Structure formats: C-alpha cells, structure tokens
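Colleague: Show me how the following folds:
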Amino acid sequence: MSIRLANARAFGIPAGVRTFAALVTAVGLGLMVSLIPTIDRAQIAGRPAEFWLFVALAIAGELLPIRAPRDGDVEEIGVSTTFVFAILLHYGTGEAILVSAAASAIADLVDGKEPWKIAFNIGQYAISVAAAGAVFEALGAPRYVSLEAIGPMAASAATFFIANDVLTGIAIALAQHIPVMGYLASDFVFQATTSAALCAMAPVVLLVADRDPFLMPLVVVPVAAVYWGATASLRNTELVRRLETALEQEKELSRLKDDFVAVVSHELRTPLTSIQGYIKTLVQLDGQIEEEQRRSFLEAADRQSERLRRLIEQLLVVARLESHAEPLTLSVISVTQVARQVVDELRPRTQGHVFDLRFEQGLALVETDESKVHQILSNLVENALKYSPPDTRVTVLGENRDDGVLVSVKDEGQGIPEEAKDRVFDRFYQVDSSATRSVGGTGLGLYICRKMAESIGGRLWLERSDERGTVFCLWVPERPEDHSANEDEEPDEAAVAPISR
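Modeller: As a prediction, the model looks like this:
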C-alpha cells in the first residue's frame, strides 16, 4: 500500500531518518533476495496474460495515485495495493514482492526521488508483503476465493496494512520530529479504512480474472472514476483555497486603504489647518502684529508647508517604486561618510540623544545610489530618535559583510510589539494607528526604505526588537547586479526627501 502526503509529509534528511531507512532497506532487500527463488514460473507461464495484466495494473496504480484534499494537505492513495495483494493471494509472496518493488521503483524514478528514498520504499514494500505472505501461508494459503479463504485473506490484509503503515509512519514521524505513536494514532482510522477498501478489491479482481482476464479492465472503470473525481475535487479545493486567499487579500487591501485614507487625511489636514490658521491671523491682524511675531508665524507656516511637501513626495516615491520607474544614479561612495552626513543633519532634532558611530577600519567603498542609501539611513536614524526616550543612545555600526557593507542602527526604546514585527515593512502599516498616537506619519517610511534597498540590490530587515531597544540592519552590496542604470541622470528631488516610519 502506498499512502502518503504529497506536501507536508515528504521525508526530510535527519540522521535518524537515514538510519531507519537504511535498516528497512537492508531487511527488505534481504527478504526479497531470499523469496525470489520461490517464484513459480510454471504457474506464471500457464496464464501469462493474466499475470502481466496484474503487473501492468500494479505499475499504473503506483504511477497514478489518487490525490485527494485532506486537512489542508494532499493525500496520495496508491491503488497498486489491490493488484499487488491479488498477486500475493493467487501466485505467492515472491511474485508479489517483485511486482511491488518494480512498481514502486518505476514510480519513484518518474517522480525523480533520491536513491535512498527509492530504496526505502522498495524495502518497506518487501517487508510488508513478506509479513502478509507469511501470515497467509501460516493460515493455509488458499489459492481460490471462497468462504473459507476470507479469514486468511483478512488476516493477511491486516498484517500488510500494519507493517506498511508502521514503517512509513515511523519514517515520517522521525522526519517531522514528532512522537511516532501520536502520528500513527492520528492517522490510523483513515489509513485503516483506505487499506481495507483496497485489499477488499483484490478477491473481486481474482474472481473476474478467473472468469476472463480480459474482463479485468471493467474493474478499473470505478477506480478510474474515483481517480478523476478526486482529481476534480482537488482542483476545486485548490480553486476555493485561492478564492478564499484572494478574498482575504481583498479584505486586507480594503482595510489598508481605509487606514490609509484616515491617516493621510489626518496628516494632510494637520499642516493645512496650521498654515491656514497662521495666514488668516496675519491677514486679519495685519498692522497689529509685531515684526518678530509676524516672522514666527511665517516660519511656522513654512515648516508646515514643508511637512505637507514631504508627505506628497512620499506618495510619489511609492508610486514610482511600485511601477519600477525609480531611477538609479550610481557612484562609488563611502557609507561611513553618508552615515556621518545623516547624523549631522539630524543632530538638531535630538532631545539629549547621544550618537555613537562605530565603523570598521578599512570599510569597503561601494558602487550604489548615494541618495537612496542616504534616504534609508536617514529614515532609520530618524525613527531611532522618534521612538526612543530623550537622553538615550543611538548607535550606528558599520562593517564589511558578504561582499558588501552592513550598517546597523540601534536605539534604546521600548521595542516593537511582537505582533507588529512581521508587518513594520508593510505599506501604510503603523504600530500605533490611532488618532491620538504620539508620533505622526503615514506608515510608508520603512516600506519605501525596503523597496529602495531592493532597488540597489541590498537588503533591509529588523534584526532585533525587545525591551533593550530595536536594531534595523541595511546591507549594501559592493556593486548592484544590474549596471543598466543611467549614471548621468540627476537624482530626483522627491527620491531624497526625508521620510518617517
């Protein structure tokens, strides 16, 4: 019997699995070698068409297993069991072992399985068939289907199922590092009922073959119907799963758009309201405001208009990155120098924060887009300042790593909640998206930074975040893989605008 999960239960390569597989293979091959001499060639020669039809159907059953959806996975049921068991009952154990081994080997070779897996499957088939044959022989080995033969046949079928299920189950449990007994118990009912149905078909096949071997294809008709029905069911299940996934994605996109509209509306309204308030005050009280206060109002309006410009530029950058229209301007740069420029630019925004820059001696120069590296580091350092308490340390580390430069930005904040760590790079996602959050932003900063890192052939990831603080890492390769970018292009102003998480 060949019953196995096509996806989740594929064998791995732990040492325990290899050792067990080697043992099963050795025992199975030993049994096969010892039982092949018992094959009754005369009996085969007496009705060759019948025997070779059994062989062909066994191979076909192994090559075309019935695939059915089960518990979120795909179950493979090899109907070769029926014909192998029929050969065992009518011809003998040696014949059944040889046919099962050949069918299993052919199917595994077609599937491109590793040699040790092919050998294991042959070994476990040989052991299972040999055990079933031994029980059948011990109970009299009746060669014709009759009422008296039901008991020996049932006992032989049960032995075949138990041996096959236990050997396969042990290998799968070892590969998945789960308790063997727990796995066998969880799968017992399904495997037992399936095995019973397949083995129960064997006497029916023998009766038909005894009447006329050429009537045997009639037995295959219901099996083929089940095969095509299961295939259609599997296809429908896959379509339903894809539809459910698409609906979930649609719901998530709808939620993200709603959140985006709310966030952007808030972020747009705030500077616009401030600008409008300052300008109305200046218009209404013109001549009554002192020059110093007038200048203060104008500077505040300028700051709010700059905030508004940066928000609009973020949205434009996202549009260009997603349409792959963001240009690259390559040059040889020093990441150390870029990091120092970023720190110098952000130093006025600190609230008692201390910068600690540690760069490895002899840090490699890299050929990349300087504006994008500057953009990414500026965002990471700015986030470290915003999300960590005043008077704490922000550390920027640089080292050579894997034919490139690795830059780490570490803060001493409270860290990112566990449930948010996998989503901080999502578009429009914010750890705190409430209207009363203490830190503003659209949730585009880290998303844009990761996209920019990918555009220069680099990587950006969250290394660690806990009560000790947060560490983001940026890896920049010594040179991008694609050199087709136009180096004479001027960097886009929007591409170098500061952004925030």
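
Colleague: What's the first helix or strand after the helix or strand residue 161 falls within?
Modeller: Following DSSP states H and E, one finds residue 161 within helix 150-176. Sequence-wise, the next helix or strand beyond helix 150-176 is helix 180-211, with elements assigned using DSSP H and E.

Colleague: quick check: angle from that following helix to helix 150-176?
Modeller: Computed with axes from the mean of the first three to the mean of the last three CA atoms, to 10 degrees, the direction of helix 180-211 lies at 140 degrees from that of helix 150-176.

Colleague: so where's the stretch 101-250 of the chain uncertain?
Modeller: Low-confidence segments of the stretch 101-250 of the chain (pLDDT under 70): 217, 219-237.

Colleague: Pull out the buried positions in the helix holding residue 161.
Modeller: Judged by neighbour count using 16 or more other CB atoms under 10 Å, the buried positions of helix 150-176 are 152-153, 156-165, 167-176. All C-beta spots, glycine's among them, are computed from the backbone N, C-alpha and C.

Colleague: cool, and stretch 138-149?
Modeller: Of all the residues in stretch 138-149, those buried under the rule 16+ other CB under 10 Å are 141, 145, 149.

Colleague: Then stretch 191-210?
Modeller: By 16+ other CB under 10 Å, the buried positions in stretch 191-210 come out as 191, 194, 195, 198, 199, 201, 202, 203, 205, 206, 208, 209.

Colleague: ditto for stretch 360-378
Modeller: Along stretch 360-378, these residues count as buried under the neighbour rule (16+ other CB under 10 Å): 363-364, 366-378.

Colleague: now swap in stretch 54-63 and tell me
Modeller: Within stretch 54-63, the residues that qualify as buried are 54, 55, 57, 58, 59, 60, 61, 62, counting by 16+ other CB under 10 Å.

Colleague: now the helices for this protein?
Modeller: 15-35, 41-46, 48-63, 80-90, 93-111, 115-138, 150-176, 180-211, 216-284, 291-322, 335-346, 370-386, 445-455 (DSSP state H).

Colleague: Quick check: which of those helices is nearest to residue 405?
Modeller: With CB to CB, the closest approach to residue 405 among those belongs to helix 335-346: 4.8 Å.

Colleague: Can you work out which other helices and strands pack against the closest one?
Modeller: Here helix 335-346 is seen to pack against strand 354-359, helix 370-386, strand 393-400, strand 404-410 when contacts are counted using 3 or more CB pairs under 8 Å, 6 or more residues apart in numbering; DSSP states H and E.

Colleague: Name the nearest of the buried residues of stretch 360-378 relative to residue 426.
Modeller: Minimum separation from residue 426 among these (CB to CB) is found for residue 376, which lies at 16.9 Å.

Colleague: Let me see the contact set for the closest one.
Modeller: Applying CB atoms under 8 Å, 6 or more residues apart in numbering, we find residue 376 in contact with 449, 452, 453, 460, 474.

Colleague: Relative to residue 426, how far out is the third one?
Modeller: To tie it back to what came earlier, the one meant is residue 453. Residue 453 sits 15 Å away from residue 426, taking CB to CB, to the nearest Å as the criterion.

Colleague: mind listing what's buried in stretch 240-256?
Modeller: Of the residues in stretch 240-256, none are scored as buried under the neighbour-count criterion (16+ other CB under 10 Å).

Colleague: again with stretch 464-481
Modeller: 465, 469-480.

Colleague: Mind picking the two most distant members of the residues you listed?
Modeller: 469 and 479 (32.3 Å).

Colleague: the domain parsing of this structure - what is it?
Modeller: Domain ranges of the chain: 2-211, 258-322, 330-496, per automatic domain parsing.

Colleague: Would you single out the least confident of the ones you listed?
Modeller: Among those, domain 258-322 has the lowest mean pLDDT, at a mean of 79.

Colleague: The closest residue to residue 214 other than its chain neighbours and residue 56, how far apart?
Modeller: By the measure of CB to CB, 6 or more residues apart in numbering, the closest residue to residue 214 outside its immediate chain neighbours is residue 49, 7.8 Å from it. As for residue 49, its distance to residue 56 is 10 Å (criterion: CB to CB).

Colleague: now swap in residue 127 and tell me
Modeller: Following CB to CB, the distance that separates residue 127 from residue 56 is 24 Å.

Colleague: for residue 463, same thing?
Modeller: For residue 463, the distance to residue 56 equals 59 Å [CB to CB].

Colleague: just the angle between the helix holding residue 161 and helix 80-90, please?
Modeller: 140 degrees.

Colleague: Helix 150-176 versus helix 93-111: what angle between them?
Modeller: Helix 150-176 and helix 93-111 meet at an angle of 40 degrees, taking the same axes, to 10 degrees as the criterion.

Colleague: Quick check, the residue nearest to residue 214 in contact with residue 215.
Modeller: No: with contacts counted by CB atoms under 8 Å, residue 49 stays clear of residue 215, the gap being 11.9 Å.

Colleague: okay if I get the buried residues of stretch 54-63 as a markdown table plus distance to residue 338?
Modeller: Compiled in a markdown table, those are given as follows (distance: CB to CB, whole Å):
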| residue | distance to residue 338 |
| --- | --- |
| 54 | 74 |
| 55 | 71 |
| 57 | 70 |
| 58 | 68 |
| 59 | 65 |
| 60 | 65 |
| 61 | 65 |
| 62 | 61 |
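
Colleague: residues touching the closest residue to residue 21 other than its chain neighbours, list them.
Modeller: Spatial nearest neighbour of residue 21, excluding adjacent residues (CB to CB, 6+ apart): residue 120 at 4.0 Å. The contact partners of residue 120, taken as CB under 8 Å, 6+ apart, are 11, 21, 24, 25, 171.

Colleague: so how far is residue 133 from residue 120?
Modeller: For residue 120, the distance to residue 133 (CB to CB) stands at 20 Å.

Colleague: What of residue 379?
Modeller: If you go by CB to CB, the gap between residue 379 and residue 133 works out to 71 Å.

Colleague: Same check on residue 451?
Modeller: From residue 451 over to residue 133 the distance is 64 Å, taken as CB to CB.

Colleague: which of the two has more neighbours?
Modeller: Ranked by neighbour count (other CB atoms under 10 Å), residue 451 and residue 133 place residue 133 first, with 25 against 22.

Colleague: check contacts around the more buried one.
Modeller: Applying CB under 8 Å, 6+ apart, one finds that residue 133 lies in contact with 35, 88, 92, 93, 96, 97, 156.

Colleague: how near is the closest residue to the last one other than its chain neighbours to residue 127?
Modeller: Spatially, and ignoring its direct neighbours in sequence, residue 156 is nearest to residue 136 (3.9 Å; CB to CB, 6+ apart). As defined by CB to CB, residue 136 lies at a distance of 15 Å from residue 127.

Colleague: can you check residue 295 too?
Modeller: Using CB to CB, one gets 92 Å for the distance from residue 295 to residue 127.

Colleague: Which one's more surrounded, the two?
Modeller: When residue 295 and residue 127 are compared on other CB under 10 Å, the one with more neighbours turns out to be residue 127, at 23 against 11.

Colleague: The more buried one and residue 28 touch, don't they?
Modeller: Yes: if you go by CB under 8 Å, residue 127 and residue 28 touch, sitting 4.9 Å apart.

Colleague: Spatially nearest residue to residue 149 (excluding sequence neighbours)?
Modeller: Nearest-residue entry for residue 149: residue 142, 4.0 Å, with adjacent residues in sequence omitted and distances by CB to CB, 6+ apart.

Colleague: Before I go, just wanted to say thanks for your time.
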